[in-house]
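Asks: I would like to see how this sequence folds:
(one chain, ligands or ions: 3)
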Amino acid sequence: MNEQRKALLTPAIIKNAAIDSFKKLNPMSMIKNPVMFVVEAGTFVVLMMTIFPDYFEARGQFGFNLTVFLILLFTLLFANFAEALAEGRGKAQADTLKKSKGEMMANKIVGSGIKVVPSTELRKGDVVVVASGEWIPGDGEIVEGLASVDESAITGESAPVIKEAGGDFSSVTGGTRVVSDRIVVRITSDPGESFIDRMISLVEGAKRQKTPNELALNTLLTSLTLIFFIVIVTLPPIASYAGVDLEVPVLIALLVCLIPTTIGGLLSAIGIAGMDRVTQFNVIATSGKAVEAAGDINTMILDKTGTITYGNRMASAFIPVGDATESELAGWAAISSLLDETPEGRSVLEYMRNTGGQYSAELGEDAVFIPFQAETRMSGMDLVDGRKVRKGAVDSVKKWVTASGGTIPKDLEEKGNAIASKGGTPLAVAVDGRVYGLIYLKDTVKPGMRERFEQLRQMGIKTIMCTGDNPLTAATIALEAGVDDFIAESTPEDKIAVIRREQEQGKLVAMTGDGTNDAPALAQADVGLAMNSGTAAAKEAANMVDLDSDPSKLIEVVTIGKGLLMTRGALTTFSIANDIAKYFAIIPAMFMLAIPEMGVLNVMNLGSPASAILSALLFNAIIIPLLIPLAMRGVRYQPMSASKLLGRNMFLYGLGGVIVPFIGIKAIDMIVQLWV
Ligand SMILES: Nc1ncnc2c1ncn2[C@@H]1O[C@H](COP(=O)(O)OP(=O)(O)OP(=O)(O)O)[C@@H](O)[C@H]1O
Ligand SMILES: [K+]
Ligand SMILES: [Mg+2]
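Replies: Ligands and ions are numbered 1, 2, ... in the order given. Model (predicted):
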């Protein structure tokens, strides 16, 4: 799949695009693109005049009219080909995905037994068992167990990933395969609404809608077309006053040369190719709007654990406080974690196993489990004998202990800070009014983060790290990773508040996240990138999903978004500059014979009015396929300030847009003259 994604253009894609170029001549589909629709209407008129010359009193112009018709037809086909080519790659991807989706059987839990049913019969809320070697029959959340899952069907990555109940790595995708162990999965999507289904309709472009930017540009292009239409309609009376008789095909050719056909023909291909470039990076964007917004991002919000750090916060030491002993602390830490399925909770028990630590597991029998919540920042157990055991953020545990009448050992603060200043997360362990000590959760900053944040700074993007962790750990990690700002002890509400605050200042905000607690913020952000490894809620709320679960990919997405906006801007500038140049190429040549004074303007010294018109029209058609590679690949973005970039592009594509047609039209004219 990955290989296929990378393959740029296969002969099959090109062949299908060529066929589609003819299908797209259908006026009903053409009308969506007003500029090209005008070209099509003109093509039809010239065709009629060519076929029925007597009716239009155009017998003498048969050869010229036929040539104009053919060039116009190719103008349309070239534009259609650009769009079809851009769509083709998505369609090829969709076909591969459909293959990986084929029907499979599911072991559905019914009552106390298991019933084998086709995956298409599964509904939201059904619970299935998937054992080693079996395909996961639908999108879902693991409710029990741990397994390694081969997700290559959707991610292209061949190394299996660990998926486990509880926490941020519990979601599984239909069409992926369990390669070891056994899991119980609660299905979270109805047939036809699964992740793969959505991916298929996305890459197929079935749901593609014009983005606000595209709509605005379309309005501009349509207005320009209208203006030139009026200019052309009023031209014959003026010309006949000067003694020049303008034939309808000449007027149509002139109109087509003047309206922005270059950008009109490539606009949709640019948008589709932009989306496709994101897909090449294994990021699925649910809308073109999100990709565009990524190009204008001012602020980026990242969470700490799992984004900036590896995120496998693992217990690595027990540090007792007050007069508690290490084994007392370890015992209570274990009991508080007996039913805690989060990676943090499990790591405590694993650490006990690895170090041979002892604890009285029977204390936990029939106890009430208090699951971890981002709001309370604690988890634990209420034992049958009435004792309450808690572990959690030092601050939260302190409050909890004080509220139940306990006192805080003097060395808690200092020992907690010692862990935090190393970038670790201290979890305090307490039973009723007594704090026993700290669990040292270790986590490491991913390599290369500093360089990536430096890149973002050069793009003018501010980075803010948001974490539920304490301020000292946050500060240490923030410094090590090189983010611009951080917010510690943040609740899900705080994350939304930060995003809103930035948005109120007129900024566009991007955010990455993987947890259910990130979902509201992912929805609020202009660009929300969820990790494929994350929870279903996070993926649902976001407008992009990274199949590789690499949050730093937001940087690539931003680069692609900027490239998309720049490509559109550059080709619009080029197209309009082109049309101005064509005006100066054709008009003097047309009036030269009747008004010899116009000869001064005929700087290009084109052969005859007929060859001038045909050359300009031919150039107008050829420039479209010549620019397809640029439209598909995109203008490369280099980190620099926006004004510098604008200046450079205006120079390159504006000036280039004026000069290139003069050279091109002159060259074509020299060839055309040979047989006109
Ligand atoms: N299983 C757990 N039991 C008790 N406390 C926990 C547990 N997991 C985390 N905590 C505490 O709660 C705090 C917040 O954790 P949470 O995972 O919500 O952070 P977050 O908001 O996702 O931020 P980030 O992922 O960037 O660290 C942690 O810093 C830790 O002190
Ligand atoms: K044009
Ligand atoms: Mg988190």
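
Asks: CA atoms for contacts and neighbours, from now on please.
Replies: Fine.

Asks: pLDDT wise, what is Ala273 at?
Replies: For Ala273, the pLDDT comes out at 88.

Asks: Next up, the contacts around it.
Replies: Residues near Ala273 by Cα atoms under 8 Å, 6 or more residues apart in numbering: 86-87, 631-633.

Asks: same thing but at 6 Å, please
Replies: Neighbouring residues of Ala273 by Cα atoms under 6 Å, 6 or more residues apart in numbering: 86, 632.

Asks: Name the next helix or strand following the host helix or strand of Ala317 along the chain.
Replies: Using DSSP states H and E, Ala317 sits within strand 314-320. Of the helices and strands lying after strand 314-320 in sequence (DSSP H and E), the nearest is helix 326-337.

Asks: For that next one, which outside residues touch it?
Replies: Here helix 326-337 makes contact (Cα under 6 Å, 6+ apart) with 320, 345, 349, 359, 380-381, 389-390, 436.

Asks: Which residues belonging to the helix or strand that comes right after it are considered buried?
Replies: As assigned by DSSP H and E, the chain's next helix or strand after helix 326-337 is helix 343-355. Neighbour counts using 16 or more other Cα atoms under 10 Å place 343-352 of helix 343-355 among the buried residues.

Asks: hang on, the earlier thing: what helices or strands is the strand holding Ala317 leaning on?
Replies: Identification of packing neighbours for strand 314-320 by 3 or more Cα pairs under 6 Å, 6 or more residues apart in numbering; DSSP states H and E yields helix 343-355, strand 434-442.

Asks: Dump it to PDB, restricted to CA.
Replies: C-alpha atoms of strand 314-320 as PDB (Å, rounded to 0.1, in the frame of the first residue of the first chain):
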ATOM      1  CA  MET A 314       7.000   4.000  33.300                       C
ATOM      2  CA  ALA A 315       7.500   3.500  37.000                       C
ATOM      3  CA  SER A 316      11.200   3.400  37.600                       C
ATOM      4  CA  ALA A 317      11.600   4.000  41.400                       C
ATOM      5  CA  PHE A 318       9.700   4.200  44.600                       C
ATOM      6  CA  ILE A 319      10.800   7.100  46.900                       C
ATOM      7  CA  PRO A 320       9.300   7.000  50.400                       C
END
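
Asks: how about Phe486, what does it touch?
Replies: 464-466.

Asks: Let me have the residues you listed in TSV, adding distance to ligand 1, pLDDT and neighbour count as columns.
Replies: As requested, the contacts of Phe486 are exported to TSV (distance: Cα to the nearest ligand atom, whole Å; pLDDT from 0 to 100; neighbours: other Cα atoms under 10 Å):
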residue	distance to ligand 1	pLDDT	neighbour count
Ile464	11	94	20
Met465	7	93	26
Cys466	6	90	25
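
Asks: Out of those, list just those in strands.
Replies: Assigned to strands by DSSP state E, the following of these qualify: 464-466.

Asks: so which of these would you say is closest to ligand 2?
Replies: Ile464 (45.6 Å; Cα to the ion).

Asks: Test my guess that that closest one contacts Lys304.
Replies: No - if you go by Cα atoms under 6 Å, Ile464 and Lys304 don't touch, sitting 9.8 Å apart.

Asks: Sheet partners, orientation included, of the strand holding Ala317?
Replies: Here strand 314-320 is paired, per DSSP bridges, with strand 434-442 (antiparallel).

Asks: next SSE after the partner strand?
Replies: helix 449-458.

Asks: Tell me which residues of the one helix or strand Val130 maps to come out buried.
Replies: Element membership for Val130, per DSSP H and E: strand 127-131. Buried residues in strand 127-131, counted by 16+ other Cα under 10 Å: 127-131.

Asks: Quick check: of the residues you listed, which lies closest to Val509?
Replies: Closest approach between the buried residues of strand 127-131 and Val509, by Cα to Cα: Val127, at 37.5 Å.

Asks: Look at that closest one and report its pLDDT.
Replies: pLDDT, read off for Val127, is 95.

Asks: contacting residues for it?
Replies: Val127 is in contact with 108-109, 185-186, counting by Cα under 6 Å, 6+ apart.

Asks: Just put the residues you listed in TSV and tack on distance to ligand 1.
Replies: Formatted as TSV, the contacts of Val127 follow (distance: Cα to the nearest ligand atom, whole Å):
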residue	distance to ligand 1
Lys108	30
Ile109	29
Val185	21
Arg186	22
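
Asks: and the longest helix for the protein?
Replies: Longest helix in the chain, counting residues (DSSP state H): helix 62-101.

Asks: If you count neighbours, what's buried in it?
Replies: Within helix 62-101, the residues that count as buried by 16+ other Cα under 10 Å are 64-69, 71-94, 96-97, 100-101.

Asks: Kindly spell out which helices and strands sit in contact with it.
Replies: In terms of contacts (3+ Cα pairs under 6 Å, 6+ apart), helix 62-101 is packed against helix 11-23, helix 34-51, helix 261-280.

Asks: weakest of those in terms of mean pLDDT?
Replies: Among the helices and strands packed on helix 62-101, helix 261-280 carries the lowest mean pLDDT, at a mean of 89.

Asks: out of the contacts of Val127, which touch ligand 2?
Replies: Applying Cα under 5 Å from the ion, the subset of these adjacent to ligand 2 is empty.

Asks: first vs last residue of stretch 451-464, how far apart are they?
Replies: In stretch 451-464, first residue to last residue: 16 Å (Cα to Cα, to the nearest Å).
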